[in-house]
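> Please find the sequence and the predicted model below.
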Amino acid sequence: MKPVIVSRFLLLFLGCGLIIAACEKEEERIWGDVTAGFLIADEEDLNAPAEVRFINRSKNAETYHWTFPKGRIMRQGVITSDSVTTAIQPERVYYSFPGDYEATLRITADGEEKVVNRIFTVKKPHPRIVHYPEGIVYDDTVTFKVEFFEYPGMEDQVTYSWDLGNGEFSEDPNPATTYNPPGIYTVQLELFDGVETLYTSRDLNVQAEIAKTLYFTNAMNQSLYKKMLYSDTDLPHEDLGVDVGLHPLSVSVHRERIVINVAGENIRFAPVETPADGYIFTTNLQGGNRWTITSTGADHDYRDDPFAGTVGPDGMVYWVDRFQGGRRIHYSEQDADYPEPYVFHEASEGTDLAIAIGVASAYGWTDGAVRIVGGELWYSKHGTGRGLYRFTTSGEYLGKFDNLFDIKIRSFEVDQENGKIYLSVNQAAGGYDPCIYVCNIDGSDIRLIDPLTDFSMQGGEAERTYVTDIVVDADGGYIYYPFRHEVDWNYLGELVGDGSQSGIRRWKIDGSEDPEFYVTGVIPFGIGIDHVKR
């Protein structure tokens with residue numbers, strides 16, 4: 001009887017197992033129906049050539065299959081030859097011509113397939129008049145051009161008829177003229193693009209004086225400020241009323257937008273499980289039309305929070321965290337998933353990068369700053385690391401600066417016009433103490449600019465926050481950098497003073513003047529400059 005009893009027990013056990021498995025599978029079904037769907041970002045405003053963002057809204061699917069006839073899928077900003085992908089969501093899809101297009105998404109779940117497709121239109125953009133310089137002063141020469149969709153093979157058929165608004169007319173593609181007196185002038189263009197005749201116009205504000213703009217943050221009220229860099233008039237700085245958080249380590253200006261990297265509340269080394277709270281956001285130049293580009297979120301810890309960064313000419317935002325490497329995303333993204341490091345993060349013992357650098361291991365070297373220089377990505381290390389390195393923007397290692405290899409470079413800025421690099425060193429190494437320095441663009445002839453006496457040493461020995469941003473105005477003849485005095489901001493990152501000893505310092509790049517305060521009464525972290533005179 002025992003074998004029978006055992007067999008029944010086994011059958012009962014197996015049956016329960018089958019029931020449990022079935023219940024578990026049923027529970028999987030209960031938590032949500034399978035749906036297929038997607039949205040097209042800015043669907044009503046797609047102009048050729050267009051980089052279209054498709055947003056997956058499907059639920060509980062197991063596999064995805066996207067098809068984009070006549071489209072080309074982009075990966076890390078590069079246009080591929082692919083029109084099909086099984087990714088959950090494509091980065092973007094490129095369409096070179098105006099027209100109607102179709103996109104299809106197929107999903108599967110439990111062996112069943114659902115299909116959804118959308119028809120959308122990529123329009124021919126309306127012609128847009130642009131001029132150089134962007135800011136116009138009376139009696140300065142202004143050159144015009146028009147941005148429009150150019151049909152391949154029809155370039156010779158394009159004609160232009162300009163009314164420059166000051167009594168002058170032209171049929172040149174790029175006419176030039178001057179304006180006097182200051183005031184509002186209207187430029188009009190009749191354009192034949194090879195297919196049809198189009199009309200466009202633009203009002204010009206010709207001014208008596210224009211200037212670049214300095215943007216900087218203030219830890220006292222966690223707000224963003226601006227100051228016009230007029231040559232003859234010194235106006236006070238202005239609070240834009242933009243909440244920038246406690247540690248906005250970088251401020252960048254790209255076209256009509258400001259991009260700010262916020263590292264979050266915790267920028268000191270902490271337990272790995274410390275939650276992330278950093279983000280990158282953008283506003284217009286007046287502080288309005290704000291959106292979050294990306295944020296670390298619940299899937300990351302504090303080590304991933306965005307530290308120093310920059311924006312390239314193509315609108316890609318590049319940044320680093322503590323030591324995990326460089327990330328990038330386009331500034332136009334909104335609430336996008338936080339990207340993984342794609343460049344210079346693999347530097348442990350025996351890797352190609354460590355060998356190229358010339359060290360046994362660079363694992364854990366603290367990240368400094370990134371800049372786009374002549375189409376390359378330059379990247380520094382500080383704290384546990386050292387040196388300045390060159391990469392392609394896609395991540396291939398190009399070389400290092402031998403003269404800077406032993407220096408711990410927290411941040412830097414490159415002055416291509418004068419062939420200089422400006423460095424902030426936040427830990428003594430290689431014979432250089434924490435200070436601001438200048439050297440030639442090849443790293444030679446390193447000279448002291450500012451000893452930064454009594455600068456707040458916020459952070460630990462290997463992670464001093466120090467100077468995270470430097471900007472250069474080569475035309476105006478100065479570099480600008482933040483200064484947080486230890487009596488205002490202590491080593492724990494706490495407000496302990498009234499800000500009277502802190503502010504924005506500047507140094508005349510021809511060396512004819514000692515460093516001086518340009519703005520006082522603020523406690524700044526990130527600083528950026530709008531090079532367009534407005």
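It's in.
> Tell me which stretches of the stretch 251-400 of the chain form strands.
Under the criterion DSSP state E, counting those that start in this stretch, the stretch 251-400 of the chain carries strands at the ranges 257-262, 279-284, 291-295, 309-311, 316-320, 326-330, 366-373, 376-382, 388-392, 397-400.
> Please look at residue 261 and residue 310 and confirm they touch.
No. Using CB atoms under 8 Å, residue 261 makes no contact with residue 310, being 9.1 Å away. Yep, even glycine has a C-beta here, placed from its N, CA and C like the rest.
> Neighbour count for those two, which is higher?
residue 261 (31 against 24; other CB atoms under 10 Å).
> and residue 365, how many residues sit next to it?
The number of residues packed near residue 365 is 23, by other CB under 10 Å.
> do residue 194 as well
By other CB under 10 Å, 16 other residues sit near residue 194.
> pretty sure it is in a helix, no?
No. Assignment of residue 194 by DSSP: H, G, I helix; E, B strand; the rest coil gives coil, placing it outside any helix.
> a markdown table please, covering the strands of the stretch 251-400 of the chain and showing distance to residue 430 and mean pLDDT.
Shown next, in a markdown table, are the strands of the stretch 251-400 of the chain (distance: least, CB to CB, whole Å; pLDDT from 0 to 100):
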| stretch | distance to residue 430 | mean pLDDT |
| --- | --- | --- |
| strand 257-262 | 27 | 98 |
| strand 279-284 | 32 | 98 |
| strand 291-295 | 35 | 97 |
| strand 309-311 | 25 | 98 |
| strand 316-320 | 21 | 96 |
| strand 326-330 | 23 | 93 |
| strand 366-373 | 14 | 95 |
| strand 376-382 | 12 | 95 |
| strand 388-392 | 12 | 94 |
| strand 397-400 | 13 | 92 |
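> Which of the ones you listed sits closest to residue 94?
strand 326-330 (12.9 Å; CB to CB).
> Now do the closest one and strand 291-295, the angle between them.
If you take axes from the mean of the first three to the mean of the last three CA atoms, to 10 degrees, strand 326-330 sits at 150 degrees to strand 291-295.
> could I have strand 326-330 exported to CSV, CA atoms only?
The C-alpha trace of strand 326-330 is given here as CSV (Å, rounded to 0.1, in the frame of the first residue of the first chain):
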residue,chain,number,x,y,z
GLY,A,326,30.6,59.8,-20.3
ARG,A,327,26.9,59.8,-21.3
ARG,A,328,25.1,61.8,-23.9
ILE,A,329,21.6,62.7,-25.0
HIS,A,330,20.1,65.4,-27.3
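> Return the set of buried residues in it.
Within strand 326-330, the residues scored as buried using 16 or more other CB atoms under 10 Å are 326, 327, 328, 329, 330.
> need the contact list for the fourth one.
Same thing as residue 329. Listed by CB atoms under 8 Å, 6 or more residues apart in numbering, the contact partners of residue 329 are 280, 293, 294, 316, 317, 336, 339.
> Roughly how far does the first one sit from residue 244?
It refers to residue 280. Residue 280 sits 11 Å away from residue 244, going by CB to CB, to the nearest Å.
> Now for residue 104: which residues touch it?
66, 67, 68, 115, 116, 117.
> Considering those, which possesses the most neighbours?
When neighbours are counted by other CB under 10 Å, residue 66 leads those with 24 neighbours.
> and it, what are its phi and psi?
Dihedral pair for residue 66: phi -100, psi 140, per degrees, to the nearest 10.
> quick one on the thing from earlier: between residue 280 and residue 244, what contacts are shared?
Listed as contacting both residue 280 and residue 244 by CB under 8 Å, 6+ apart are 260, 262.
> Could I get the strands of the stretch 251-400 of the chain in JSON lines, plus columns for distance to residue 106?
Shown next, in JSON lines, are the strands of the stretch 251-400 of the chain (distance: least, CB to CB, whole Å):
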{"stretch": "strand 257-262", "distance to residue 106": "37"}
{"stretch": "strand 279-284", "distance to residue 106": "33"}
{"stretch": "strand 291-295", "distance to residue 106": "28"}
{"stretch": "strand 309-311", "distance to residue 106": "37"}
{"stretch": "strand 316-320", "distance to residue 106": "31"}
{"stretch": "strand 326-330", "distance to residue 106": "27"}
{"stretch": "strand 366-373", "distance to residue 106": "39"}
{"stretch": "strand 376-382", "distance to residue 106": "37"}
{"stretch": "strand 388-392", "distance to residue 106": "36"}
{"stretch": "strand 397-400", "distance to residue 106": "40"}
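> between the ones you listed, which gets nearest to residue 518?
When the strands of the stretch 251-400 of the chain are compared by CB to CB, strand 257-262 sits nearest residue 518, at 19.4 Å.
> Tell me the strands beside the closest one, with direction?
Next to strand 257-262 in the sheet, as set by DSSP bridges, lie strand 248-254 (antiparallel), strand 279-284 (antiparallel).
> Deepest in the core, which of the ones you listed is it.
strand 248-254 (a mean of 25; mean count of other CB atoms under 10 Å).
> how far is that one from where the chain is centred?
Distance of strand 248-254 from its chain centroid, counting by CA atoms, centre = their mean, to the nearest Å, is 8 Å.
> which sections of the stretch 201-350 of the chain are below the confidence cut-off?
344-350 (pLDDT under 70).
> Strands of the stretch 101-250 of the chain, start to end?
Using DSSP E, counting those that start in this stretch, the strands of the stretch 101-250 of the chain run over 112-122, 128-132, 136-137, 142-147, 159-163, 169-170, 176-177, 183-192, 197-207, 213-218, 223-228, 238-243, 248-254.
> Excluding sequence neighbours, find me the nearest residue to residue 291.
Distances taken as CB to CB, 6 or more residues apart in numbering place residue 334 nearest to residue 291, at 4.9 Å, with adjacent residues excluded.
> Now for the one you found: which residues touch it?
41, 291, 292, 293.
> For the residue nearest the centre of the chain, list the residues it contacts.
Centroid-nearest residue in the chain: residue 317, 1.8 Å away (criterion: CA atoms, centre = their mean). With contact taken as CB under 8 Å, 6+ apart, residue 317 is in contact with 252, 259, 280, 293, 309, 310, 311, 328, 329, 330, 331.
> Tell me which stretches of the stretch 401-534 of the chain form strands.
Remark: strands assigned in the stretch 401-534 of the chain by DSSP E, counting those that start in this stretch are 408-415, 420-427, 435-440, 447-450, 471-473, 478-483, 503-508, 516-520, 527-530.
> about what we covered before: and which of the buried residues of strand 326-330 is nearest to residue 375?
For these, the nearest to residue 375 is residue 328 (14.4 Å; CB to CB).
> which residues touch that closest one?
Residues counted as contacts of residue 328 (CB under 8 Å, 6+ apart) are 76, 77, 316, 317, 318, 319, 339, 342, 393.
> hmm, 6 Å instead?
Applying CB atoms under 6 Å, 6 or more residues apart in numbering, we find residue 328 in contact with 316, 318.
> what about the residue nearest to residue 429 when sequence neighbours are not counted, how many neighbours?
Leaving aside its chain neighbours, residue 429 sits nearest to residue 408 (4.7 Å; criterion: CB to CB, 6+ apart). Residues contacting residue 408 under the criterion other CB under 10 Å number 29.
> swap in residue 169?
10.
> Over to residue 297?
Neighbour tally, residue 297, other CB under 10 Å: 15.
> circling back to that earlier point, make TSV out of the contacts of residue 329 and add distance to residue 143.
Converted to TSV, the contacts of residue 329 look like this (distance: CB to CB, whole Å):
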residue	distance to residue 143
280	34
293	33
294	37
316	27
317	30
336	37
339	38
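> quick check, nearest of the residues you listed to residue 199?
residue 316 (34.2 Å).
> Return the residues in contact with that closest one.
328, 330.
> measure it to residue 119 for me?
Per CB to CB, residue 316 is found 30 Å from residue 119.
> ok, and the closest non-adjacent residue to residue 464?
Take residue 464 and drop its neighbours on the chain: the residue closest to it by CB to CB, 6+ apart is residue 426, 4.3 Å away.
> Lovely, talk soon.
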